[in-house]
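In: can't give you the sequence, but here's the structure:
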């Protein structure tokens with residue numbers, strides 16, 4: 001296969017840059033195609049993706065942070081439970097050795 005028929009793969013940062021330029025509408029799609037050496041149809045597709053999915057980019061980060069926070073809280077409650085059990089066991093063992101065990105509620 002010769003060089004003209006190979007598909008080029010563009011990194012996400014490049015796609016975002018081209019899509020943002022298309023959204024700004026400071027240049028025509030044809031001018032952007034020439035500037036970035038990308039087919040006009042490809043620029044329109046990237047622009048449409050950014051317009052459609054752009055608002056959710058920041059929501060996803062917040063949702064991930066919320067999930068991390070919930071996971072942290074669950075882990076901390078689990079650790080608190082373990083520490084309570086250990087504390088009660090130590091109280092029991094200590095009082096049994098002294099002969100004065102009185103379980104707490």
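Out: Great, that's in hand. Only a predicted model underlies this, so the values are computations on that prediction, with no experimental measurement involved. Residues are numbered from 1 along each chain as shown.
In: select the longest helix from this protein.
Out: Of all the elements of type helix in the chain, the one with the most residues (DSSP state H) is helix 56-98.
In: quick one: it to chain centroid distance?
Out: Chain-centre distance of helix 56-98: 23 Å, with CA atoms, centre = their mean, to the nearest Å.
In: how about stretch 34-45?
Out: 29 Å.
In: next up, the contacts around residue 10.
Out: residue 38 (CB atoms under 8 Å, 6 or more residues apart in numbering). Where C-beta positions appear, they are placed from N, C-alpha and C, glycine not excepted.
In: distance of it relative to residue 53?
Out: Going from residue 10 to residue 53 by CB to CB, to the nearest Å gives 17 Å.
In: and stretch 30-41, what's buried?
Out: Across stretch 30-41, burial judged by 16 or more other CB atoms under 10 Å covers 32-33, 36, 38.
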